[in-house]
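Colleague: Quick one: sequence and predicted model below, then my questions.
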Amino acid sequence: MRGARTPPGTSRRRAPRRRTGRGSAGRSTGHVYDVEDAPEAPVVIVLGAQVRDGKPREYLAGRLDVAVRLVQDGRARAVLVSGDGAGRSGDEIAAMTEYLVEKGIDRSRIVGDRYGLDTYDTCARAVQTYGVTKALIVTQGFHVPRAVALCRGAGIEVAGVNAGCECRPITMARNTVRESLARPKAVLDLLSGRDPVVVSEPEDSLGKALAAGG
């Protein structure tokens, strides 16, 4: 397990320990929706993925398009984009933010978490750093059950929303296999209640974004 690190200007604190024996399928049952059926929540969380030349690739663009629709339909007031701000393919947070702005989402309604280094960390930091208690989380269908399980394990009343992807079949197959390999780690994370890799002090940026969204 990687040791938690603290970025400059923040301080370390322990994450609350949450233990459960339920896997991702059990925790996500009844909490996954297609975009047209998604419930309302104050914030929609978008999980990061690879970018290219500063632009979201197919998976990420599909997630962001769903977030745009949820905000425009009035089912979310703010967007929390969470990913790796220093990822191997580029700055996921900058790419997501600019894409949303280009699609008509006001910048004041977007909050970026550059330390959402995996799905577990995104969920834990959403609670600890940004004070999220209720949210939608958007990702592709094969990933949604794990994302929902991890966020509910972190204490968020969350609903998952399926995103599409204009991807080649081989890409979808490859990522489906990767997802099956990631599930045992998700169970271990839920059981351990580990700290996210980066632990930050609570901040009110999301509260301001929600206020901007009315």
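Modeller: Done, it's in.

Colleague: drop to CA atoms for contacts and neighbour counts, all remaining ones
Modeller: Will do.

Colleague: For the chain, which residue occupies the most central location?
Modeller: By C-alpha atoms, centre = their mean, the mean C-alpha position of the chain lies nearest to residue 47, the distance being 3.5 Å.

Colleague: where are the low-confidence patches of the protein?
Modeller: Applying pLDDT under 70 to the chain flags residues 1-30, 166-184, 186.

Colleague: Number of residues surrounding the nearest residue to the residue nearest to the centre of the chain once chain neighbours are set aside?
Modeller: Once flanking residues are discounted, residue 47 sits nearest to residue 82: 5.3 Å by C-alpha to C-alpha, 6 or more residues apart in numbering. Residues contacting residue 82 under the criterion other C-alpha atoms under 10 Å number 28.

Colleague: and what of residue 188?
Modeller: Neighbour count of residue 188, defined by other C-alpha under 10 Å: 15.

Colleague: now residue 135
Modeller: Neighbours of residue 135 using other C-alpha under 10 Å come to 24.

Colleague: any idea how far it is from residue 54?
Modeller: From residue 135 over to residue 54 the distance is 27 Å, taken as C-alpha to C-alpha, to the nearest Å.

Colleague: for residue 206, same thing?
Modeller: Where residue 54 is concerned, residue 206 sits at a distance of 24 Å (C-alpha to C-alpha).

Colleague: The two: who's more crowded?
Modeller: Neighbours were counted for residue 206 and for residue 54 using other C-alpha under 10 Å; residue 206 has more, 24 against 17.

Colleague: ok, the more buried one touching residue 129?
Modeller: No: the pair residue 206 / residue 129 is not scored as a contact, 9.5 Å apart, by C-alpha atoms under 8 Å.

Colleague: Now list whatever residues contact both of these two.
Modeller: Counting by C-alpha atoms under 8 Å, 6 or more residues apart in numbering, no residue touches both residue 206 and residue 129.

Colleague: ok so, going back, thought residue 83 was touching the residue nearest to the centre of the chain, still the case?
Modeller: Yes: proximity of residue 47 to residue 83 meets the contact threshold set by C-alpha under 8 Å, at 6.1 Å.

Colleague: shared neighbours of the two, anything?
Modeller: residue 122.

Colleague: Return the residues in contact with residue 141.
Modeller: Applying C-alpha under 8 Å, 6+ apart to residue 141 gives the contacts 162-164.

Colleague: Rebuild those as JSON lines, extending it with secondary structure, distance to residue 211 and neighbour count.
Modeller: Formatted as JSON lines, the contacts of residue 141 follow (DSSP: H, G, I helix; E, B strand; the rest coil; distance: C-alpha to C-alpha, whole Å; neighbours: other C-alpha atoms under 10 Å):
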{"residue": "162", "secondary structure": "strand", "distance to residue 211": "27", "neighbour count": "22"}
{"residue": "163", "secondary structure": "strand", "distance to residue 211": "26", "neighbour count": "25"}
{"residue": "164", "secondary structure": "coil", "distance to residue 211": "29", "neighbour count": "18"}
